[in-house]
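Peer 1: have a look at this fold, sequence not included:
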């Protein structure tokens with residue numbers, strides 16, 4: 001993974017269209033039954049790369065934020081202890097079914113919980129992983145602050161996400177899709193500035209992942 005070039009141009013701070021909890025829950029209520037089919041394939045390489053990195057990092061206790069239908073759960077090493085949270089009960093039902101069906105004994109708990117305001121104590125985890133979540137939540141910086149609160153000193157925060165292009169045809173496409181954010185349940189025009197402060201941007205390590213680098217894996221050391 002490499003340090004981000006903080007001198008590179010970025011998209012304007014914050015997405016053009018806001019999301020709220022109600023629109024997120026409604027979107028994922030619609031997506032729950034077909035999520036694995038529609039998004040499982042295109043997101044698989046990014047998801048697997050994030051879990052591979054988590055598996056190599058020190059520490060046993062892992063929090064997966066936005067665990068969804070549990071697509072990543074079977075990929076964690078069994079010496080890790082995984083706690084998953086999600087705001088969508090429909091998605092969590094799929095994750096619980098997967099955990100039971102596949103006998104995933106390393107999954108300790110799956111909770112219906114707001115990622116921006118969890119009920120966990122400070123420093124409860126060694127690693128916090130958020131896959132394709134940062135561009136979904138209403139307040140991305142609140143999400144990051146909560147993840148930082150939950151991770152022990154010396155631990156790691158990992159995010160895999162789509163981040164908006166700073167120019168070119170993809171930038172125009174993302175901006176054109178932005179008004180549909182509520183229906184999609186995520187921000188096509190989501191920039192790194194929307195979640196990371198200038199100080200964070202100088203510290204994070206980034207790695208483009210397939211397909212064609214549309215997703216980025218970010219590591220922030222706590």
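Peer 2: Nice, thanks for sending it over. If you're wondering where the values come from, they're calculated on a predicted model, not measured in any experiment.
Peer 1: for the longest strand belonging to the chain, packing partners?
Peer 2: The residue-count maximum for a strand in the chain (DSSP state E) belongs to strand 151-162. Using 3 or more Cβ pairs under 8 Å, 6 or more residues apart in numbering; DSSP states H and E as the contact definition, the elements that strand 151-162 packs against are helix 44-56, strand 125-131, helix 140-150, strand 215-221. All C-beta atoms are positioned from the backbone trio N, CA, C, and that covers glycine.
Peer 1: in the first one, which residues are buried?
Peer 2: By that I understand helix 44-56. 46, 47, 49, 50, 51, 53, 54 (16 or more other Cβ atoms under 10 Å).
Peer 1: average pLDDT for that helix?
Peer 2: For helix 44-56, mean pLDDT rounds to 94.
Peer 1: that older thread, distance to residue 113 added to the buried residues of helix 44-56, as a markdown table?
Peer 2: A markdown table is the format used below for the buried residues of helix 44-56 (distance: Cβ to Cβ, whole Å):
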| residue | distance to residue 113 |
| --- | --- |
| 46 | 23 |
| 47 | 20 |
| 49 | 25 |
| 50 | 20 |
| 51 | 21 |
| 53 | 24 |
| 54 | 20 |
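Peer 1: quick revisit: now the helices and strands packed on strand 151-162 in JSON lines, with distance to residue 191?
Peer 2: Listed next are the helices and strands packed on strand 151-162 as JSON lines, based on distance: least, Cβ to Cβ, whole Å:
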{"stretch": "helix 44-56", "distance to residue 191": "18"}
{"stretch": "strand 125-131", "distance to residue 191": "16"}
{"stretch": "helix 140-150", "distance to residue 191": "10"}
{"stretch": "strand 215-221", "distance to residue 191": "11"}
